[in-house]
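Enquirer: Quick one, what's the 3D model for this:
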Amino acid sequence: MYTKYWMMRANAAALALILTTLLMFGQAALSFVLDGSSTSYAQFRKWNAALNGSLEFEFKTEQGNGLLLYTDDGGTYDFFEVKLVESALRLRYNLGGGAQIVTVGHDLGDGHWHKVQISRSNENTTLTVDGVSAVSTSRGKEFEFGKLSGNSDVYVGGMPGWYNSKLTLLALPSVIFEPRFNGFIRNLVYTDAESSVPRRQEMKSHDAKVNK
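Expert: Numbering: from 1, shown residues only. Below you'll find the model as predicted:
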């Protein structure tokens with residue numbers, strides 16, 4: 001009797017694990033596509049980068065160049081820009097002590113999914129692509145990313161057109177001229193103003209198509 005009881009419990013636990021796994025894979029399959037046109041972009045809530053924030057997402061493209069993600073402090077100094085440059089991933093950022101550039105990866109425009117992670121630890125910022133990492137150290141004495149109340153939203157794939165007439169609102173005005181991303185994005189995860197726990201983000205507005 002006891003053996004049967006524990007077998008039933010083990011089977012129930014295994015079933016629960018299978019269902020959880022299926023749910024996770026079902027969520028991971030949700031993605032959206034950006035076509036790289038002059039209006040193509042997706043907009044997400046602010047990233048609470050603070051001193052130890054993290055952000056991650058996955059992308060798939062057959063293009064070697066394009067803006068993947070941008071956010072800043074509302075037009076003063078601080079910004080994070082992630083883009084593909086000749087099929088390598090380049091993070092350019094400023095935390096007030098001058099711009100830093102970190103480049104990781106190669107042949108990323110190969111039509112396969114790639115995972116990007118950005119993690120902060122005071123003056124150190126780590127960029128990881130498919131498990132390969134590089135660390136950059138910021139200069140200065142203050143490493144907060146702007147002030148959350150005044151920071152911009154997070155833009156993926158391109159910038160909204162209204163920034164063309166309001167470049168003073170951008171800490172890195174040249175971002176508006178970057179080629180837009182043409183491909184798929186999924187699983188954008190980071191902290192935000194409502195919670196310090198990283199969570200999957202939902203789009204606020206976009207010119208993109210959601211796929212399943």
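
Enquirer: now stretch 190-197, how far from the chain's geometric center?
Expert: Centre-to-centre, stretch 190-197 and its host chain are 14 Å apart (C-alpha atoms, centre = their mean, to the nearest Å).

Enquirer: cool, and stretch 101-109?
Expert: Averaging C-alpha positions (C-alpha atoms, centre = their mean) puts stretch 101-109 15 Å from its chain's average.

Enquirer: do the same with stretch 197-209
Expert: With C-alpha atoms, centre = their mean, you get 10 Å for stretch 197-209.

Enquirer: Also stretch 152-172?
Expert: That offset, for stretch 152-172, works out to 16 Å (C-alpha atoms, centre = their mean).

Enquirer: Would you mind measuring the gap between the ends of it?
Expert: 12 Å (C-alpha to C-alpha, to the nearest Å).

Enquirer: mind listing the helices for the chain?
Expert: Counting by DSSP state H, one finds helices in the chain at the ranges 2-28.

Enquirer: Tell me how many other residues crowd the residue lying closest to R139 once chain neighbours are set aside.
Expert: In this structure, R139 finds its nearest non-sequential neighbour in G97, 3.5 Å apart by C-beta to C-beta, 6 or more residues apart in numbering. Any C-beta I mention is one placed from the backbone N, CA and C, and that applies to glycine too. Neighbour count of G97, defined by other C-beta atoms under 10 Å: 16.

Enquirer: what does L69 give?
Expert: L69, neighbours per other C-beta under 10 Å, totals 24.

Enquirer: and what of the one 5 residues further on?
Expert: The tally of other residues near G74 (other C-beta under 10 Å) stands at 16.

Enquirer: any idea how far T128 lies from Y190?
Expert: 14 Å (C-beta to C-beta, to the nearest Å).

Enquirer: no, scratch that, I was asking about Q201
Expert: 7 Å.

Enquirer: overlap in contacts of those two?
Expert: Common contacts of Q201 and Y190, defined by C-beta atoms under 8 Å, 6 or more residues apart in numbering, comprise V154.

Enquirer: What residues does R120 make contact with?
Expert: A49, A50, L51, N52, G53, S54, T126, F143, F145.

Enquirer: how about a cut-off of 7 Å?
Expert: A49, L51, N52, G53 (C-beta atoms under 7 Å, 6 or more residues apart in numbering).

Enquirer: swap in M159?
Expert: Taking C-beta under 7 Å, 6+ apart as the definition, contacts of M159 comprise Y41, Y70, V175, I176.
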